[in-house]
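Asks: my questions are about this predicted structure, shown below with the sequence.
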Amino acid sequence: MDVLCFLSWRVASLLLLIPCTCNSLNVRILNEGPVHVIPGSNLLLRAHIESSTQDKVSMVTWERETETGPTPNRRVLATCPGSSQSPCAGTLPNVLANMGKEESTLQISGYQPADGGDYIVTVTHQNGNKTSARCIVREYEAVHHVSVSINVSHSVLVCGEAWGTEPHFSWLYNRRALTQTVGQVSPDGTRLYITQRPICGCFTCMVQNKLGYATATYTAGNCDPEDHSGTIAAVVCVLLLFICGGLLGLLLWRRHQRNSITRERLHEHMDG
């Protein structure tokens, strides 16, 4: 038994001296996906590579795969050797790749909608093993088809937008900045909880992003008290003018009648 224990201890000691051959190479894309790119601008993806002294990089490959379709189409965009001293090779004129000490970058100049898809960076070890990371890239879309609906029972206006990228919602009331006396806006800006009574006036939802804005309006009728008071005052003034004019005409007519009677009596007296 003592011999077996001694041999087991020796074998364990030898195993500890053998270098670890486990996969200690890791790669991750630093861009938070999905990445939205405005057409005509440049796309820049950065990948961070972590490696140990035992696992060295022999090659880095950048590829793009279609996001939709029954059969994804995969294409190599650039290949880089493991050494940062050697240049990378791109497969398209607008593709530029670079290899650093712990980082690899890929740049697409003049991005177009066809450049969207699933971007894959693959790191190949010297022993032939591979490690990959992915990032979805899509076109930056303008805002489209803004609409406003009302939930009458809850006094809520709801603003919707079709498929714009990074939409930002804001509200106007009668073409002016919204005040707390009119209502409260939800944290995401899509809902307006109306507090004023009655619900009236013109409510406008504005949705905007880097490419522009679009609006939609809900009109709940006119509720400006100044307009009503002005109309009533005008009607009252007209009525007063008619009344005063009628009274003045009546007084002039009665005066004319008295003068006529007086002249007739004078003529009768002179004739007699």
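Replies: Looks like it arrived, so ask away. Residues are numbered from 1 along each chain as shown.
Asks: ok, now how distant is residue 166 from residue 210?
Replies: As for residue 166, its distance to residue 210 is 7 Å (criterion: CB to CB, to the nearest Å). From N, CA and C alone the C-beta is placed, and that goes for glycine too.
Asks: what is in contact with the two at once?
Replies: Residues touching both residue 166 and residue 210 (CB atoms under 8 Å, 6 or more residues apart in numbering): residue 140.
Asks: hmm, residue 131 is touching residue 123, no?
Replies: Yes. Applying CB atoms under 8 Å, one finds residue 131 in contact with residue 123, separated by 4.9 Å.
Asks: neighbour count: those two, which is higher?
Replies: Shown here are residue 131 and residue 123; by other CB atoms under 10 Å, residue 123 has more neighbours (25 against 19).
Asks: list the residues that contact the residue nearest the centre of the chain.
Replies: In the chain, the residue lying closest to the centroid (CA atoms, centre = their mean) is residue 167, at 1.0 Å. Neighbour list for residue 167: 143, 161, 207, 208, 209 [criterion: CB under 8 Å, 6+ apart].
Asks: and it, how far from residue 215?
Replies: 12 Å.
Asks: give me the common contacts of those two.
Replies: Taking CB under 8 Å, 6+ apart as the criterion, residue 167 and residue 215 both touch residue 207.
Asks: quick one: low-confidence ranges for the stretch 51-200 of the chain?
Replies: Residue ranges of the stretch 51-200 of the chain with pLDDT under 70: 53-55, 84.
Asks: the strands in it, which residues?
Replies: For the stretch 51-200 of the chain, strands defined by DSSP state E, counting those that start in this stretch occupy the ranges 57-65, 74-81, 89-90, 95-99, 103-108, 117-125, 130-139, 147-151, 156-160, 168-173, 176-177, 183-185, 191-194.
Asks: quick one: closest of those to residue 36.
Replies: Nearest to residue 36 among the strands of the stretch 51-200 of the chain is strand 130-139; the distance by CB to CB comes to 5.5 Å.
Asks: what's that closest one packed up against?
Replies: Judged by 3 or more CB pairs under 8 Å, 6 or more residues apart in numbering; DSSP states H and E, strand 130-139 is in contact with strand 26-29, strand 35-37, strand 43-50, strand 117-125.
Asks: what's the closest of those to residue 85?
Replies: It's strand 43-50; of those, that one is closest to residue 85 (CB to CB) at 15.6 Å.
Asks: any chance you could list what contacts the closest one?
Replies: Where contact means CB under 8 Å, 6+ apart, the residues beyond strand 43-50 that reach it are 24-31, 35, 37, 57, 60, 62, 102-108, 111, 115, 119, 121, 123, 133, 135, 137.
Asks: of the contacts of residue 167, which is the most crowded?
Replies: Busiest of those [other CB under 10 Å] is residue 207, holding 25 neighbours.
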